[in-house]
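Undergrad: Need coordinates for the below:
(2 chains)
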Amino acid sequence: AQKITQTQPGMFVQEKEAVTLDCTYDTSDQSYGLFWYKQPSSGEMIFLIYQGSYDEQNATEGRYSLNFQKARKSANLVISASQLGDSAMYFCAMREGWGFGNVLHCGSGTQVIVLP
Amino acid sequence: SQTIHQWPATLVQPVGSPLSLECTVEGTSNPNLYWYRQAAGRGLQLLFYSVGIGQISSEVPQNLSASRPQDRQFILSSKKLLLSDSGFYLCAWEKTGVRGYTFGSGTRLTVV
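TA: Sure, this is the predicted structure:
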């Protein structure tokens, strides 16, 4: 079964508007971490935001916020006030536990294009 | 501060030729190291990870191999490339117990 599911292969958003990128995950672990990465056309993977499974509050980093709904196993990324530079591929990822070899499971990504 | 270097950035190789991609990390010791591959328009696929010198775990059996000759050096190799080896290869490191991975800038490999 897929560990991370991103159902939106691509989306357009108008500059200055907010956009929500969907992510659902599958795990039976109690301790896990959720991540969002941004990958511009240059290819590098840029860390955006992290949410721990025991964190009670939703994570926020500047214009990025993570809507964490533990019971639904969803970790949607919200980008507020979109900018042209936000055009990129966005990946949701999960790590189960923190021991050696607990690898990062990534979704298939959502391509975001910000329109002027 | 810690940095991760990956090279080359771009590579075009003929089918059947060997491959060697190198990744080094600076500013830390005993990192966990990872090789991922990203096919065009798709997510990341974990290929190998290493928790120490000479310790390699393979996630997917294939035409590639990895080695860790030094603490902060991770090498991805192939003896004979296939067309299906084309993709974007990313090296990543992390410190156990610290959240988040840091990725290298990637190598875009095209096998022709």
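Undergrad: Would you map the strands across chain A?
TA: Using DSSP state E, the strands of chain A run over residues A:4-5, A:10-14, A:19-21, A:24-25, A:32-39, A:46-52, A:60-61, A:64-69, A:74-79, A:88-96, A:104-106, A:110-115.
Undergrad: Look up which residues are beta-bridged to the spatially most central residue of chain B.
TA: Of all residues in chain B, the one closest to the mean position by Cα atoms, centre = their mean is B:Trp35, 3.2 Å from it. Note on B:Trp35: beta-bridge partners by DSSP bridges are B:Phe48, B:Cys91.
Undergrad: if we can go back for a sec, would you convert the strands of chain A into a markdown table that also reports mean pLDDT?
TA: Formatted as a markdown table, the strands of chain A follow (pLDDT from 0 to 100):
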| stretch | mean pLDDT |
| --- | --- |
| strand A:4-5 | 93 |
| strand A:10-14 | 95 |
| strand A:19-21 | 97 |
| strand A:24-25 | 96 |
| strand A:32-39 | 91 |
| strand A:46-52 | 90 |
| strand A:60-61 | 93 |
| strand A:64-69 | 96 |
| strand A:74-79 | 98 |
| strand A:88-96 | 91 |
| strand A:104-106 | 82 |
| strand A:110-115 | 95 |
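Undergrad: sorry, back to before: now that the residue nearest to the centre of chain B has come up, it's in contact with B:Ser77, right?
TA: No - using Cβ atoms under 8 Å, B:Trp35 makes no contact with B:Ser77, being 10.3 Å away. Bear in mind the C-beta positions are built from the backbone N, C-alpha and C, glycine included.
Undergrad: how about low-confidence regions in chain B?
TA: Flagging of chain B using pLDDT under 70 yields the residue ranges B:40-42, B:61, B:96-100.
Undergrad: hang on, A:Tyr25 packs against A:Lys70?
TA: No - at 10.1 Å, A:Tyr25 does not count as touching A:Lys70 under the criterion of Cβ under 8 Å.
Undergrad: so what's residue 46 closest to, chain neighbours aside?
TA: Picking chain A for this. In space, and not counting its chain neighbours, A:Ile46 is closest to A:Lys38: 4.5 Å by Cβ to Cβ, 6 or more residues apart in numbering or on different chains.
Undergrad: let's do chain B instead
TA: Here the residue nearest B:Leu46, using Cβ to Cβ, 6+ apart, is B:Glu59, at 4.5 Å.
Undergrad: and that neighbour, how many residues sit next to it?
TA: 15 (other Cβ atoms under 10 Å in any protein chain shown).
Undergrad: Turn the strands of chain A into JSON lines, columns for mean neighbour count and distance to B:Arg108.
TA: Formatted as JSON lines, those follow (neighbours: other Cβ atoms under 10 Å in any protein chain shown; distance: least, Cβ to Cβ, whole Å):
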{"stretch": "strand A:4-5", "mean neighbour count": "20", "distance to B:Arg108": "24"}
{"stretch": "strand A:10-14", "mean neighbour count": "13", "distance to B:Arg108": "21"}
{"stretch": "strand A:19-21", "mean neighbour count": "19", "distance to B:Arg108": "25"}
{"stretch": "strand A:24-25", "mean neighbour count": "20", "distance to B:Arg108": "29"}
{"stretch": "strand A:32-39", "mean neighbour count": "23", "distance to B:Arg108": "13"}
{"stretch": "strand A:46-52", "mean neighbour count": "18", "distance to B:Arg108": "17"}
{"stretch": "strand A:60-61", "mean neighbour count": "12", "distance to B:Arg108": "28"}
{"stretch": "strand A:64-69", "mean neighbour count": "18", "distance to B:Arg108": "27"}
{"stretch": "strand A:74-79", "mean neighbour count": "22", "distance to B:Arg108": "26"}
{"stretch": "strand A:88-96", "mean neighbour count": "23", "distance to B:Arg108": "14"}
{"stretch": "strand A:104-106", "mean neighbour count": "23", "distance to B:Arg108": "18"}
{"stretch": "strand A:110-115", "mean neighbour count": "17", "distance to B:Arg108": "18"}
